[in-house]
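J.: Provide a 3D model corresponding to the input given below.
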Amino acid sequence: MEQQPTRAPDGGVDTAVETIYRIESPRIIAGVARIVRDVGIAEELAQDALVAALEQWPRDGVPDNPGAWLTATAKHRAIDLVRRRERYARKLEEVGRDLSLSAPHHLDEPSDPDDIDDDLLRLVFTACHPVLSAEARIALTLRLLGGLTTSEIARAFLVPEATVAQRIVRAKRTLAAKGVDFEVPYGPEREARLGSVLEVIYLVFNEGYAATAGDDLLRPALCEDALRLARVLAELMPKESEVHALAALLELQESRAAARTGPGGEPVLLKDQQRRRWNRLLIRRGFTALGRANAVATGRPGPYALQAAIAACHAQAYTYEDTDWRVIATLYGLLAATSPSPVVELNRAVAVSMAEGPGPALDIVDALADEPALRDYHLLPSVRGDLLARLGRTREARAEFERAAALARNERERALLEARARESRES
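T.: Below is the predicted model of the structure:
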């Protein structure tokens, strides 16, 4: 006997459709883009399927496999579109028009043995293509792969909704105008392009982990989206060491989330965090992912592997005093050699201050004073203020904390820095 479709309670179908679409939309868009070779058109067809569900499911009931229903509906519309294009191209050819309209050859994929046949991975590499700006890549990835609406992305990054909408529209147009292939690159190009993908996930997580601006230090939803994308990517690319390393880094960083803020949302420094609140499951997942990264590594560790190793040093220390700062300082030195940047050097200074004392660390920080990239970076005077305070130079420390507070765009961080300045004034 054929099972009848499930009927949701009155008024609940629309919510069910939207929830299912949010979960399934990345794979629906990815599957359709494989056919039409255009992520913008693929998203429109996926949304057409959503509209069809909103029209039919209240009447006919929610299907037993709603994700498959949405995917099939979107793909049927995609195939119809391709057929219309092919007929149009043939008619143009018949009348002798000198116009080339080639139909999508969605089976013409590279036959390289390392090619990965997964539509979702194709969508990841397309949304994170380096022809797009970092802001555009982030917005498009969260829209297509994170299932976030334009307004949700705007709220997460504290920018106008119109700005996010423009970024997404321009990103789709750029991909189409540049003729970006909907494919997973292979060979040397894959290695070059993978960095762009990992960077997007890393930037999304960082914005959630330490919000650049606004009233809240953390934006958990962004961390969750980045962590989910990292886990998916690790499943899709099991032989890529840096993919597992990024997943490890995010698992280990996220494990501290509950301890990083106090009851009122105020920041809690690492040395003051209650480590029993660290999530042991995420720590175990992080160590597992780091083990996978090391198992498939071929050569020197990459930047994400080194950062994950640093996070692992913190995770395995039962107390702040147990932290092996010398190892962390060494790892930061390797990271500075692998991926040199003023921010990495500033982090190395913090580790050196704990391993060797504030004096040697202050020399490193002072050498960064004229770095253009750190001119408006509030953590430079913040770190310098801390080092000066530990050296007993309280008046200079107060000036640095006040400068850091003036530069901070996040209200929680600003309040913390202002408190440090007051403490320096009183001591």
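J.: Now do the same for the host helix or strand of residue 308: mean pLDDT, whole number.
T.: Residue 308 belongs to helix 303-315 when elements are defined using DSSP states H and E. Per-residue pLDDT over helix 303-315 has a mean of 97.
J.: Next secondary structure after that helix?
T.: Counting by DSSP H and E, what follows helix 303-315 is helix 325-338.
J.: Tell me which other helices or strands that following helix touches.
T.: helix 303-315, helix 342-356 (3 or more Cβ pairs under 8 Å, 6 or more residues apart in numbering; DSSP states H and E). Heads up, the C-betas are built off the backbone N, CA and C, glycines and all.
J.: Go through the ones you listed and pick out the most buried.
T.: With neighbours taken as mean count of other Cβ atoms under 10 Å, those reach their highest mean count in helix 303-315, at a mean of 23.
J.: Any chance of the helices and strands packed on helix 325-338 in TSV with distance to residue 125 as columns?
T.: Formatted as TSV, the helices and strands packed on helix 325-338 follow (distance: least, Cβ to Cβ, whole Å):
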stretch	distance to residue 125
helix 303-315	17
helix 342-356	27
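J.: closest one to residue 201 among those helices?
T.: Among these, helix 303-315 comes nearest to residue 201, with 9.9 Å by Cβ to Cβ.
J.: could you say what helices and strands the closest one packs with?
T.: Secondary-structure packing of helix 303-315 (3+ Cβ pairs under 8 Å, 6+ apart): helix 241-254, helix 280-296, helix 325-338.
J.: So which of those helices is the most surrounded?
T.: helix 241-254 (a mean of 26).
J.: circling back to that earlier point, including distance to residue 399 and mean pLDDT, could the helices and strands packed on helix 303-315 go into a markdown table?
T.: Below are those laid out as a markdown table (distance: least, Cβ to Cβ, whole Å; pLDDT from 0 to 100):
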| stretch | distance to residue 399 | mean pLDDT |
| --- | --- | --- |
| helix 241-254 | 31 | 97 |
| helix 280-296 | 39 | 97 |
| helix 325-338 | 27 | 97 |
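J.: between those helices, which gets nearest to residue 361?
T.: helix 325-338 (9.4 Å).
J.: The closest one versus helix 303-315: what angle between them?
T.: 170 degrees (axes from the mean of the first three to the mean of the last three Cα atoms, to 10 degrees).
J.: what's the angle from the helix holding residue 308 to helix 241-254?
T.: Using the same axes, to 10 degrees: helix 303-315 against helix 241-254 is 30 degrees.
J.: For residue 261, give me phi and psi.
T.: Phi and psi for residue 261, reported as degrees, to the nearest 10, are phi -130, psi 150.
J.: count of neighbours near it?
T.: A total of 16 residues lie near residue 261 under the criterion other Cβ atoms under 10 Å.
J.: Report the beta-bridge partners for it.
T.: Taking DSSP bridges, one finds residue 267 as the beta-bridge partners of residue 261.
J.: Quick check: the gap between residue 161 and residue 366.
T.: Taking Cβ to Cβ, to the nearest Å as the measure, residue 161 falls 43 Å from residue 366.
J.: To clarify, my last question referred to residue 289.
T.: On the measure of Cβ to Cβ, residue 289 and residue 366 end up 37 Å apart.
J.: Let me have the helices and strands packed on helix 303-315 in TSV, extended by distance to residue 308.
T.: Below are these laid out as TSV (distance: least, Cβ to Cβ, whole Å):
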stretch	distance to residue 308
helix 241-254	4
helix 280-296	5
helix 325-338	10
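J.: Of those, give the one that comes closest to residue 41.
T.: Comparing those by Cβ to Cβ, helix 241-254 comes nearest, at 28.7 Å.
J.: now the angle from that closest one to helix 280-296?
T.: 160 degrees.
J.: Check the offset of helix 241-254 from the chain's centre.
T.: From the chain centre to the centre of helix 241-254 is a distance of 11 Å (Cα atoms, centre = their mean, to the nearest Å).
J.: how many other residues sit next to residue 340?
T.: Residues lying near residue 340 (other Cβ under 10 Å) number 9.
J.: Just want the phi and psi numbers for residue 410.
T.: Taking degrees, to the nearest 10 as the convention, residue 410 sits at phi -90, psi 130.
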